[in-house]
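**Q** build me a structure from this.
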Amino acid sequence: LCSELAMEDMSDIHVKTFHGLGYGILRSVFENAGNKIVLDEDKYHKLIKDFIKPKVPSTVYIEVLAAMKSLVNYIRLSFVDPKDEKSVRMLIIQYDIDLDRKRPDLMQSVIRWLPEVMEIGEDDARNKGIIDYTDMVYLPVKWELKSANPYKLMFVDEAQDLSKITRKLVYEQAMDPSGRAFFIGDSAQSIFGWAGSDIYSVRETIDIAKAKELPLDICYRCPTSHISLAQKIVPQIKAHAEAKTGVIVCADEDILTSIVEVGDMVLCRVTAPLFQKAIECLKAKIPARIRGRDLCENLITVLHKIEKAADSTGRFKYSDLATLIDEWAVEEVKYLRKREASDNAIQLIQDKRETLHICHRDIDAKDLEGLISGIRSLIPSNKGEGRSVSAVEFSTIHRAKGLEANRIFILEPTKLPLIWEGQLDWQYQQEMNL
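**A** Alright, predicted model coming up:
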């Protein structure tokens with residue numbers, strides 16, 4: 001969009017992410033004071049690590065570190081006062097943050113430490129300029145910093161994915177008090193609640209801004225057949241008058257490689273089937289890529305952990321990798337069950353285990369280095385967020401949001417919606433939105 005506006009000579013129109021918007025406000029304030037900003041993604045990891053090390057036994061150190069990092073992040077995104085114990089406990093429940101429920105004293109200590117930890121984090125930002133990504137949107141609101149050039153007209157896209165802090169950033173810090181804002185969003189497309197988005201973002205935005213609703217019910221992208229199917233979940237959506245009919249086919253997944261073409265998208269709610277079919281395509285000489293570099297890198301990280309753990313006992317052999325993968329998964333699940341983690345967290349480990357087995361089985365490799373090289377070959381060469389049109393693109397549904405293709409294949413549709421034990425109402429609704 002920035003490139004398109006530049007070509008149209010509209011350089012006076014600013015296109016920014018929420019983080020870019022907040023960072024601009026912070027940078028202006030810091031530079032005016034003669035200071036610099038230092039971005040440190042691990043800021044709170046280091047801070048919390050140093051803070052809790054002398055306070056907690058080694059047996060629960062990792063658990064407390066993970067819980068506090070999550071809470072500090074969600075507290076900022078939800079703009080909750082860390083001293084408000086009731087609100088903090090609500091975040092623990094909402095985001096299923098793993099604290100040892102059999103150790104209420106431990107949970108109470110973590111909650112008690114939060115205000116001090118966050119105050120240290122603010123001091124580091126104020127005095128040393130050290131911030132992380134969440135600070136970019138949080139600190140301008142917390143410190144009530146105003147944009148040096150507030151906007152009289154703002155268009156905010158994907159409003160259903162606003163967190164409480166990004167909504168306040170737009171409405172209170174960046175916009176001129178006499179200005180107008182257009183929020184474009186759809187509550188039925190809210191799918192990032194797990195990442196800190198306000199699950200009631202559209203309704204909250206309407207109430208706070210006293211906004212007038214202007215429904216955009218007509219879809220100009222999809223054919224009538226697809227709209228009819230979508231209406232079973234979202235009745236108000238309508239097809240464009242000139243929309244084509246479209247084709248919906250139920251086919252056996254075994255024939256995918258015989259019908260898929262370059263430029264197609266293949267989607268799935270979980271990861272393992274994507275890797276299996278992507279590797280099958282490569283073996284059939286069909287270019288294939290997995291959307292999301294970190295999906296592949298996360299698998300590689302696990303493989304390195306497995307290698308390191310086995311090396312410490314002198315028993316790593318590539319021929320034993322399948323057994324080592326199973327042992328890793330068993331230990332991970334055992335750890336999660338001990339912490340009374342959600343069934344969804346356990347499903348994610350099982351999905352990763354299955355994905356590793358598929359890569360090990362189907363990628364032609366003689367050693368770990370060769371396997372890692374094979375996994376990396378699935379990473380798209382383009383570094384942007386655009387489509388990989390020179391290959392068949394395999395993607396989770398979350399990562400495909402906003403994209404389009406002439407032909408879409410959905411693997412394992414019975415996993416829509418994905419259900420797990422202990423699922424909260426808002427989690428189920430977001431699965432239905434997917």
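**Q** what residues sit buried inside stretch 154-172?
**A** The neighbour-count check on stretch 154-172 (16 or more other CB atoms under 10 Å) flags 154, 156, 158-171 as buried. (Each C-beta comes from the backbone N, C-alpha and C, glycine too.)
**Q** out of these, which sit inside strands?
**A** Judged by DSSP state E, the buried residues of stretch 154-172 include 154, 156 as members of strands.
**Q** helix or strand: which one has Thr59?
**A** Following DSSP states H and E, there is no helix or strand that holds Thr59.
**Q** near the nearest residue to Leu282 once chain neighbours are set aside, how many other residues are there?
**A** Of all residues not flanking Leu282 in the chain, Ala288 sits nearest, at 5.3 Å (CB to CB, 6 or more residues apart in numbering). Look at Ala288: counted by other CB atoms under 10 Å, it has 26 neighbours.
**Q** same deal with the one 3 residues further on?
**A** The criterion is other CB under 10 Å. On that basis, Arg291 has 22 neighbouring residues.
**Q** now the strands for this structure?
**A** Using DSSP E, strands in the chain cover 38-39, 130-131, 151-156, 175-183, 218-219, 238-239, 265-268, 288-290, 392-396, 408-410.
**Q** and the first one, what does it pack onto?
**A** In this structure, strand 38-39 packs against strand 130-131, with contacts taken as 3 or more CB pairs under 8 Å, 6 or more residues apart in numbering; DSSP states H and E.
**Q** show me what the strand it packs on is in contact with.
**A** Applying CB atoms under 8 Å, 6 or more residues apart in numbering, the contact partners of strand 130-131 are 26, 37-40, 43, 124-125, 139.
**Q** list only buried entries from these.
**A** Of those, these count as buried by 16+ other CB under 10 Å: 26, 37, 40, 43, 124-125, 139.
**Q** how near is Ser319 to Arg376?
**A** Distance, Ser319 to Arg376, by CB to CB, to the nearest Å: 22 Å.
**Q** neighbour count for these two, which is higher?
**A** Arg376 (13 against 8).
**Q** I'd like the average pLDDT over stretch 67-83.
**A** Across stretch 67-83, pLDDT averages out at 94.
**Q** next, the buried residues of that stretch.
**A** For stretch 67-83, by 16+ other CB under 10 Å, it's 67-80, 82.
**Q** so which of these sit within helices?
**A** Applying DSSP state H to the buried residues of stretch 67-83, the entries found in helices are 67-78.
**Q** ok, those vs Ser228, which is closest?
**A** Ranked by distance to Ser228 (CB to CB), those are led by Leu77 at 37.1 Å.
**Q** OK, contacts around that closest one?
**A** Taking CB under 8 Å, 6+ apart as the criterion, Leu77 is in contact with 134, 137-138, 163-166, 196.
**Q** let me know the closest of those residues to Thr323.
**A** For the contacts of Leu77, the nearest to Thr323 is Gly196 (37.8 Å; CB to CB).
**Q** what's the neighbour count on the closest residue to Ile206 other than its chain neighbours?
**A** Nearest non-adjacent residue to Ile206, counting by CB to CB, 6+ apart: Glu213, 6.5 Å away. Neighbour count for Glu213, taken as other CB under 10 Å: 7.
**Q** mean pLDDT and distance to Val202 added to the strands of the chain, as a markdown table?
**A** Formatted as a markdown table, these follow (pLDDT from 0 to 100; distance: least, CB to CB, whole Å):
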| stretch | mean pLDDT | distance to Val202 |
| --- | --- | --- |
| strand 38-39 | 94 | 31 |
| strand 130-131 | 96 | 29 |
| strand 151-156 | 92 | 11 |
| strand 175-183 | 91 | 8 |
| strand 218-219 | 94 | 18 |
| strand 238-239 | 96 | 19 |
| strand 265-268 | 96 | 24 |
| strand 288-290 | 91 | 31 |
| strand 392-396 | 93 | 23 |
| strand 408-410 | 96 | 26 |
